[in-house]
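Task: produce atomic coordinates for the following.
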Amino acid sequence: MSKDKLSIEDIFEDDDLGILKETSKQSNVKSTDQRLIESFEEINAFVDEKEREPEQGNGISEMRLYLRLKGFRENDKKKFALKDVDRHNLLFEPKKVESVADILEDDDFGLLADDEEGTSIFDFKHTPKDKKETDFVAQRKAMSDAVFEKYDKQFKKVHQEIKLGLRSLKSFKNAEKNLKEGKYYILDGVLLFLEVGDISEAVRELGDRVRKDVRTRTVFDNGTYSNMLYRSLAKQLYNNGKVVTDLEKDSEKELFTNVEQLEEDDKESGWIYVLKSKSTHPEISKLNNLYKIGFSTVPVQKRVINARNEATYLNAEVEVVATFKCVNVNTQKFENLIHRFFSQAQLQIDIYDKNKNRITPREWFVVPYPIIERAIGLFNTGEIINYHYDFQNEKITKND
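From the prediction side, this is the model:
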């Protein structure tokens, strides 16, 4: 029996199992989101195994996870990106009822209101009646790029100020005191701006009752806005929100002085110093880039003469690595600002003094010395407000 000769096309056409199909090679290059998720999954795995969060003082590996989690919690963008994989609810704090005021503030139906008429519970005084104004849930609407542009610039500026520690995040309490026009808040990891929302003279009828309330204009940093009621916004912030504190106006300007142009009236403030510990404690001695950054109004060698007996110096002798003379500087703010700059690299450890009192030193950081030197230089010129410290990659990076 003769056989027909098959062409190449016939062979490929008859490949029912797809054996001859070309398969493209998958890229092994990981995206930024993948690396972020994998980094967070290491923390999830730790919690899976230990049934607790990573803590300070339990070895360098756990300390790195502790600092990483702390960094995620302080970075709103990363918190929001990781929300779907946060199976242990590590990133967002649940609302806590801490006072009677919290309960009264959440009393939408007036069930806890004073009853001056002494009516019976069977009178159902608070049964909802027909409302003069139809309630509705205000949906967020997208803003045009042209309209959002002015808000976007300010949102980016506020994010930067939060990273630098010029603003901080506080728990949301007492709406009428803390929810104000022109202020910034964090809701479910998203930064928002309350543009309109003054309830000082605004009222809204709710059945038989009248209460202070008003429609707001609330702008979110994802390019949307809402006209939700003031008290609806307050309720959401109680559940999962934060207050963004005001900027410490001009505080950074007070810190920076042109030290090259000194005048007769200029006053020497003291010295910024960088120290390295000589401790033989295993958890300390193995940290090669552990440095103390502090300020002294007296010569540094005199300041550290009793280091071995002071918990702030880890109860050990220290090596003076460098000192920097400061002129006309608000020393407390200078020190606070540089500590906030390196906050993600702060050493978390408890030391006990000779009286067995526990002390937690706050001036020790795991940072390579050249980076510390550069940071102090940026502080002196005032350029530090344009940079942040990338703890994961151990480098100072210019802000976007």
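
which strand residues sit across from the closest residue to K163 other than its chain neighbours in the sheet?
Among residues not flanking K163 along the chain, H388 sits closest, at 5.1 Å (C-beta to C-beta, 6 or more residues apart in numbering). C-beta: built from backbone N, CA, C; applies to glycine. For H388, the beta-bridge partners under DSSP bridges are T397.

dump the residue contacts of H388.
Each residue near H388 by C-beta atoms under 8 Å, 6 or more residues apart in numbering is listed here: 160, 163-164, 341, 396-397, 399.

Show me where the stretch 301-400 of the chain dips below the pLDDT cut-off.
Flagging of the stretch 301-400 of the chain using pLDDT under 70 yields the residue ranges 327-332, 353.

Over to the chain?
For the chain, the ranges with pLDDT under 70 are 1-32, 57, 93-138, 164-166, 198-212, 247-269, 327-332, 353.

For the closest residue to K286 other than its chain neighbours, grab the count of nearby residues.
Of all residues not flanking K286 in the chain, I60 sits nearest, at 6.7 Å (C-beta to C-beta, 6+ apart). I60: 11 surrounding residues under other C-beta atoms under 10 Å.

Over to M228?
M228 has 21 nearby residues by other C-beta under 10 Å.

go on, the one 3 residues further on?
R231 has 22 neighbours, counted by other C-beta under 10 Å.

Now do the SS call for the closest residue to it other than its chain neighbours.
Computed as C-beta to C-beta, 6+ apart, the closest residue to R231 that is not its neighbour in sequence is D213, at 5.2 Å. Following DSSP: H, G, I helix; E, B strand; the rest coil, we place D213 in the coil state.

Distance check, D213 against L229.
6 Å (C-beta to C-beta, to the nearest Å).

Looking at those two, which is more packed in?
L229 (20 against 17).

my guess is the more buried one meets T218, correct?
No - the criterion here is C-beta atoms under 8 Å, and L229 misses it with T218 at 10.3 Å.

which strands and helices sit next to whichever strand or helix holds E49?
Assessed by DSSP states H and E, E49 sits inside helix 32-50. Contacts defined by 3 or more C-beta pairs under 8 Å, 6 or more residues apart in numbering; DSSP states H and E place helix 32-50 against helix 60-73, helix 76-81.

Throw the ones you listed into JSON lines and include distance to S296, thanks.
Formatted as JSON lines, these follow (distance: least, C-beta to C-beta, whole Å):
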{"stretch": "helix 60-73", "distance to S296": "27"}
{"stretch": "helix 76-81", "distance to S296": "36"}
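
V274: which of those helices is closest?
helix 60-73 (20.3 Å; C-beta to C-beta).

ok, and for that closest one, which residues are buried?
62-63, 65-72 (16 or more other C-beta atoms under 10 Å).

Between those, which sits nearest I293?
Closest to I293 out of the buried residues of helix 60-73 is L67 (16.7 Å), distances taken as C-beta to C-beta.

quick revisit: next, the angle helix 60-73 makes with the helix holding E49.
Helix 32-50 and helix 60-73 meet at an angle of 130 degrees, taking axes from the mean of the first three to the mean of the last three C-alpha atoms, to 10 degrees as the criterion.

how about helix 32-50: buried residues?
Buried residues in helix 32-50, counted by 16+ other C-beta under 10 Å: 36-37, 39-40, 43-44, 46-47.

What ranges does the stretch 51-200 of the chain have for its helices?
Under the criterion DSSP state H, counting those that start in this stretch, the stretch 51-200 of the chain carries helices at the ranges 60-73, 76-81, 100-105, 145-163, 175-178.

For my notes, please list those in JSON lines and give distance to I376 for each entry.
Converted to JSON lines, the helices of the stretch 51-200 of the chain look like this (distance: least, C-beta to C-beta, whole Å):
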{"stretch": "helix 60-73", "distance to I376": "22"}
{"stretch": "helix 76-81", "distance to I376": "28"}
{"stretch": "helix 100-105", "distance to I376": "44"}
{"stretch": "helix 145-163", "distance to I376": "19"}
{"stretch": "helix 175-178", "distance to I376": "36"}
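
With respect to Y225, which of those helices lies nearest?
helix 145-163 (8.5 Å).

other SSEs contacting the closest one?
Using 3+ C-beta pairs under 8 Å, 6+ apart: helix 145-163 touches helix 76-81, strand 190-196.

quick one: which of these is nearest I384?
That would be, of these and by C-beta to C-beta, helix 76-81, which comes in at 21.1 Å.

and this protein, what are its domains?
For the chain, automatic domain parsing gives the domain ranges 32-85, 100-110+131-244, 251-398.

Of those, which is nearest L91?
domain 32-85 (4.7 Å).

if we can go back for a sec, and the residue nearest to K286, how far is that from F391?
For I60, the distance to F391 - C-beta to C-beta - is 14 Å.

Compute the number of surrounding residues for the nearest residue in space to K156 that is not next to it in sequence.
Counting by C-beta to C-beta, 6+ apart, K156 lies nearest to D400, which is 7.2 Å off, once chain neighbours are set aside. For D400, the count of nearby residues is 7 (other C-beta under 10 Å).

hang on, the earlier thing: pick out whichever of the buried residues of helix 32-50 sits closest to N288.
Nearest member of the buried residues of helix 32-50 to N288, counting by C-beta to C-beta, is S39, at 22.4 Å.
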